[in-house]
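J.: Sequence and predicted structure are below.
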Amino acid sequence: MKGSCLCGRVTLALPRSPDYIHLCNCRLCRSSGAAWGYFDPAEVKVDGEVAGYSREDLDDPWLVLHFCPRCGATTHYTASGAHPLDRIGVNTRLFAQDEIDGVGVSYRDGRCVFDEDDEFIETGTGHIGDGKAF
Ligand SMILES: [Zn+2]
Ligand SMILES: [Zn+2]
């Protein structure tokens, strides 16, 4: 499946639909407007120039948001160099609606993905809670 940013200068190609779509409530995700699908980096082909941004209000941000420098649409995120992850997030809003029809939506609490001992947890019961996880 193929998607593109609003102006069409950046295109993304995926070999399959995402397993689910993640609507995250952390500050980074809410500000980006993205609805994430997760993929192995090798599965995602991005063509076109993208710009990157990591949060400047964090000492050690985990993620780099990528977006089209012309139209501003968020295209995907990658892990920062200091925090390698085995997946990247792709903004499924850039794909035709009929391509992702039927894919379930997850509302897990992204503000709380690491607890106070830096243990990864998958539900919203952690202690970060300040919207600064990423
Ligand atoms: Zn664009
Ligand atoms: Zn998030």
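T.: Yes, it's here. Ligands and ions are numbered 1, 2, ... in the order given.
J.: pLDDT on the longest helix along the chain, on average?
T.: Across the chain, the helix with the greatest residue count (assigned by DSSP state H) is helix 27-32. Summarised as a single mean, pLDDT over helix 27-32 is 84.
J.: helices or strands up against the next helix or strand after it?
T.: Scanning the chain past helix 27-32 towards its C-terminal end, the next helix or strand to appear is strand 36-39 (assignment: DSSP states H and E). The helices and strands touching strand 36-39, judged by 3 or more C-beta pairs under 8 Å, 6 or more residues apart in numbering; DSSP states H and E, are strand 21-22, strand 88-91. The way it works is simple: take the backbone N, C-alpha and C, and place the C-beta from them, glycine included.
J.: close to ligand 2, is strand 36-39?
T.: No. Looking at strand 36-39 against ligand 2 by C-beta under 5 Å from the ion, there are no contacts, and the closest approach is 7.8 Å.
J.: With stretch 64-77 instead?
T.: No. Shown here: stretch 64-77 not in contact with ligand 2 (C-beta under 5 Å from the ion), separated by at least 9.1 Å.
J.: Name the residues of that stretch that are buried.
T.: For stretch 64-77, a neighbour-count test (16 or more other C-beta atoms under 10 Å) marks 64-68, 73-77 as buried.
J.: from those, which is closest to Asp86?
T.: Ranked by distance to Asp86 (C-beta to C-beta), those are led by Tyr77 at 13.6 Å.
J.: The closest one: helix or strand, and which one exactly?
T.: With elements delineated by DSSP H and E, Tyr77 resides in strand 74-79, which encompasses its position.
J.: what residues does that strand touch?
T.: Contact partners of strand 74-79, identified using C-beta atoms under 8 Å, 6 or more residues apart in numbering, comprise 5, 10, 12, 32-34, 36, 41, 44, 46, 50, 62-68, 85, 88-91, 94.
J.: Contact residues of the protein facing ligand 1?
T.: By the criterion of C-beta under 5 Å from the ion, the positions of the chain lying close to ligand 1 are 5, 7, 9, 68, 70-71.
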